[in-house]
Structure formats: structure tokens, C-alpha cells
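>>> Based on what follows, work out the 3D shape:
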Amino acid sequence: MTRRPPEVDEDAILRVLRVPPECEGMRLDRFLPLELRATSRSRAQAIIKASAFSEDGRKLRSSERLKAEQKIYLWRPPLDEEPPREPIGHIYEDDHLLVVNKPPLMTVHPTARHHKHTVIRTLERERPHQTLSLIHRLDRETSGVLLLGKSTEADRAFKIQLEERSLAAARAADLGLPPERADKTYLAITHGVPSEGLCDLPLEDDPSPLRVKVRVTERGRGQSARTTVKVRATAHGYALVECGLHTGRQHQIRVHLAHLGAPLVGDKLYGPDEGLLARAADGQLTEEDLRVLELPRHALHARSHTVRHCFTGQIHHFVAPLPADLRTFWLDRGGRADDFAEPASA
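Coordinates of the predicted model:
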């Protein structure tokens with residue numbers, strides 16, 4: 001089925017799920033949380049009621065028993081029709097490269113859950129005749145420096161450069177060699193004060209039902225991961241932490257800091273209760289959840305990125321100022337404004 005069912009809105013987004021043989025006979029409301037990340041069963045039932053169809057356009061029920069290789073058609077409306085709270089900040093631009101300051105709570109590219117107000121969609125509306133591509137990504141809740149290519153050649157060249165540096169850092173970690181200076185630095189606000197120095201514990205997928213979680217594993221297993229941790233300041237049980245990112249593993253900084261006993265403020269996955277992530281996705285955070293989180297997003301900001309320009313050879317050091325939400329949070333907890341200052345050696 002490629003045609004939209006008559007009861008589905010014109011702006012709905014289609015996502016097609018295939019039922020693998022091992023899921024034959026499973027109820028639809030059991031299957032859907034396995035396919036959609038951070039989705040509870042109650043949320044899955046609501047999605048089915050609103051948007052689930054068979055290949056021939058028949059409306060599906062939560063109790064539907066699935067067949068192997070069956071296709072589930074989800075016609076879902078975009079969920080982010082409200083514009084973002086902050087605009088995308090522009091840091092640098094030339095003929096090949098665009099560097100922006102990504103606001104918090106903005107997805108970088110369209111997804112089934114966030115379609116209209118993403119970094120890519122927003123910039124396409126601002127620049128209708130220009131092709132832009134993401135050279136790397138940031139999580140939706142993370143703010144800060146983001147690089148985009150302005151041509152296919154630029155996209156390829158900068159991605160290769162970043163990949164080569166990441167592979168070199170991973171090889172150095174595997175061989176036990178000291179790391180070079182990190183090209184990317186992040187600022188984080190944590191509960192508790194982490195140990196300073198190099199955290200080089202490898203990471204692997206966590207078997208959590210959420211399917212998005214990563215965990216620290218023993219040496220010799222998983223993927224090499226290296227984060228340099230420096231405490232800039234402390235204030236009444238919180239720490240402002242500078243993290244140098246040597247390898248770019250999924251959730252690397254969040255996992256390393258949590259392992260060091262200092263999880264990010266506002267972290268719904270690696271903080272006090274991983275169930276916060278599903279409740280947030282369902283719009284079911286309680287007043288107590290919000291009190292525990294303290295911030296509506298995790299307190300992580302991509303502060304700076306140093307890169308050699310692939311076409312000019314010039315070294316650029318791009319810096320994004322700390323956004324208002326993290327600055328206000330830190331100052332309200334007794335921190336000082338000069339804690340955010342860029343080090344003189346940068």
C-alpha cells in the first residue's frame with residue numbers, strides 16, 4: 001500500500017515496519033515497543049489506535065496477532081509543530097562549511113517523531129536553493145557546535161577527516177598509547193564531582209529493553225572509548241565539567257560520567273531512573289519526575305570543535321557559548337559567571 005488511507009491527514013508521515021519470523025504470533029502492542037525506541041506499551045497502544053494500518057489499508061488493533069514478514073504501516077502526524085524556543089546560531093561560514101550553534105531540544109535531522117522543526121529542515125527553509133548535509137550529529141537534547149557541509153565534496157572530505165581521527169584515537173586506545181589533545185570539548189553539569197583525568201573504559205550495548213542504552217564493559221570487550229575529564233568548578237554538590245572527546249561513541253560522555261559517579265543533571269537514561277525516558281516520550285512525566293530531573297534536558301553542551309579545513313588547510317577553533325538554560329541553572333546553584341570562560345590556551 002502506497003496510497004494514504006482516506007482517514008489519514010495529508011501531512012502524516014509513513015513508517016513501515018516488517019515483522020521478522022521470530023515475532024510471528026506476537027500481539028501488535030507487544031511488537032511495537034520492540035521496534036520504536038523508548039516507547040512504553042501504553043504509548044504503543046495509543047499509536048496503534050491512531051495510526052496503524054495493514055498493507056491493504058485495514059485499521060489494526062492492539063490485540064492483532066502478527067504473521068511473519070507482515071508489514072505494519074504507521075501513518076503518524078509530526079509531533080513538533082511548535083517552533084523551537086531558540087533560533088539556530090551561526091558561528092562560521094565559507095564556500096564549503098557552515099558551523100552553527102544548535103539549540104537544545106532540537107533534532108538535527110527529520111525522524112518519525114520530529115519532522116518539521118529540525119536543524120536540517122529549518123536551514124533548508126532559510127536557504128531554499130542550497131544543499132546542506134550534516135558532517136556529524138548531536139543528540140536532540142545536546143546543544144552546541146555543529147558542522148554542516150555545503151557541497152557533496154565538502155561533506156565527503158570533512159567526514160573522512162573526522163572518521164580518520166576517530167579511528168586513530170581508537171587505535172591509540174587499543175595500544176595503550178597516550179591520547180592526543182581532543183578536538184572536541186563539551187561542558188557538562190553533573191550531580192556530584194567526577195574523578196579527573198582520562199576515562200578510557202570501553203563501551204558496549206546495554207541489554208535494556210529500551211534498546212538505546214550503552215554501558216561500560218571490561219577491557220578487551222566492546223568499543224574503545226576515551227574521555228578526558230576536568231572539573232572546572234563545583235557548587236553545592238554540583239560540578240561544571242569539561243570533557244575532551246577523543247572517540248565519538250554513542251552517549252560516551254554521559255556513560256563515562258555516570259560510571260564515575262557524576263551523572264548529568266537532567267539525564268533521563270543514565271540518571272536516577274531509566275524509566276524517565278519512556279515517560280518523557282509518552283508525555284507522562286510527573287511533578288516528582290520533573291523535580292528529580294531539575295532540567296527538561298540533559299546538561300550537556302558541545303562547547304568547542306577544532307578542525308583543519310579540508311580545502312584551505314587552516315586550523316579553525318569554533319566555540320559556542322553556553323546556552324541560557326545551563327548558565328542560569330549553574331548561577332542559581334551558586335556557581336560563578338567566570339566558570340564558563342574559555343581557557344586562555346584554547
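
>>> okay, and for the stretch 201-346 of the chain, where does confidence drop off?
Residue ranges of the stretch 201-346 of the chain with pLDDT under 70: 209-210, 343-346.

>>> at 90 what do you get?
The stretch 201-346 of the chain contains residues with pLDDT under 90 at 207-212, 219-221, 273-285, 341-346.

>>> can you give me the helices for it?
For the stretch 201-346 of the chain, the helices defined by DSSP state H, counting those that start in this stretch occupy 252-259, 275-281, 287-293, 324-332.

>>> Can you get me a residue count around His309?
Close neighbours of His309, defined as other Cβ atoms under 10 Å, add up to 16. All C-beta atoms are positioned from the backbone trio N, CA, C, and that covers glycine.

>>> With adjacent residues omitted, what lies nearest to it?
Nearest residue to His309, sequence neighbours excluded (Cβ to Cβ, 6 or more residues apart in numbering): His316, at 6.1 Å.

>>> picking up where we left off before, let me know which of the helices of the stretch 201-346 of the chain is tucked in deepest.
Ranked by mean neighbour count, those are led by helix 252-259 with a mean of 23 (mean count of other Cβ atoms under 10 Å).

>>> Which strands or helices does it pack on?
Counting contacts by 3 or more Cβ pairs under 8 Å, 6 or more residues apart in numbering; DSSP states H and E, helix 252-259 packs against strand 184-191, strand 214-216, strand 227-235, strand 238-245.

>>> how about TSV for these, with distance to Ala172 and mean neighbour count added?
TSV is the format used below for these (distance: least, Cβ to Cβ, whole Å; neighbours: other Cβ atoms under 10 Å):
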stretch	distance to Ala172	mean neighbour count
strand 184-191	16	24
strand 214-216	19	18
strand 227-235	13	18
strand 238-245	14	22
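
>>> per-residue confidence for Pro84?
Looking at Pro84, its pLDDT reads 71.

>>> Give the full set of residues in contact with it.
With contact taken as Cβ atoms under 8 Å, 6 or more residues apart in numbering, Pro84 is in contact with Pro103, Leu105, Met106, His117, Thr122.

>>> got the end-to-end distance for stretch 99-109?
Stretch 99-109 has an end-to-end distance of 16 Å (Cα to Cα, to the nearest Å).

>>> now do stretch 143-158
Note: stretch 143-158 ends 21 Å apart using Cα to Cα.

>>> which parts of that stretch are buried?
For stretch 143-158, the neighbour count (16 or more other Cβ atoms under 10 Å) marks Ser143, Gly144, Val145, Leu146, Leu147, Leu148, Gly149, Lys150, Ala154, Asp155, Ala157, Phe158 as buried.

>>> ok, the residue lying closest to the fourth one once chain neighbours are set aside - how many residues close by?
To tie it back to what came earlier, the one meant is Leu146. Once flanking residues are discounted, Leu146 sits nearest to Lys102: 4.5 Å by Cβ to Cβ, 6+ apart. Residues within reach of Lys102, counting by other Cβ under 10 Å, total 26.

>>> list the contacts for Lys102?
Going by Cβ under 8 Å, 6+ apart, the list of residues near Lys102 reads Ile88, Val108, Val119, Leu138, Thr142, Ser143, Gly144, Val145, Leu146, Ala302.

>>> Format these as TSV; extra columns: secondary structure.
Shown next, in TSV, are the contacts of Lys102 (DSSP: H, G, I helix; E, B strand; the rest coil):
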residue	secondary structure
Ile88	coil
Val108	coil
Val119	helix
Leu138	coil
Thr142	coil
Ser143	strand
Gly144	strand
Val145	strand
Leu146	strand
Ala302	strand
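
>>> Where do the domain boundaries of this structure fall?
13-76, 179-335 (automatic domain parsing).

>>> Now those in JSON lines, please, with extra columns for distance to Arg127.
Shown next, in JSON lines, are the domains of the chain (distance: least, Cβ to Cβ, whole Å):
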{"stretch": "domain 13-76", "distance to Arg127": "23"}
{"stretch": "domain 179-335", "distance to Arg127": "19"}
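
>>> Show me the one of these that comes nearest Pro128.
Within these, the stretch nearest Pro128 is domain 13-76; the backing value is 21.2 Å (Cβ to Cβ).

>>> one step back: out of the contacts of Pro84, which sit inside helices?
Those of the contacts of Pro84 mapping onto helices are Thr122, per DSSP state H.

>>> least confident pick among the contacts of Pro84?
Lowest pLDDT among these: His117, with 83.

>>> Quick one: neighbours of Glu163, just the number.
Neighbours of Glu163 using other Cβ under 10 Å come to 12.

>>> Surely it is within a helix?
Yes. Counting by three-state DSSP, Glu163 is located in a helix.

>>> Pull the contacting residues for the residue nearest to the spatial centre of the chain.
Central residue of the chain (Cα atoms, centre = their mean): Asp139, 1.7 Å from the mean position. Listed by Cβ under 8 Å, 6+ apart, the contact partners of Asp139 are His251, His298, Leu300.

>>> how near is the last one to Pro179?
Right, the one you point to is Leu300. For Leu300, the distance to Pro179 equals 20 Å [Cβ to Cβ, to the nearest Å].

>>> and if you look at the second one?
Taking Cβ to Cβ as the criterion, His298 is separated from Pro179 by 24 Å.
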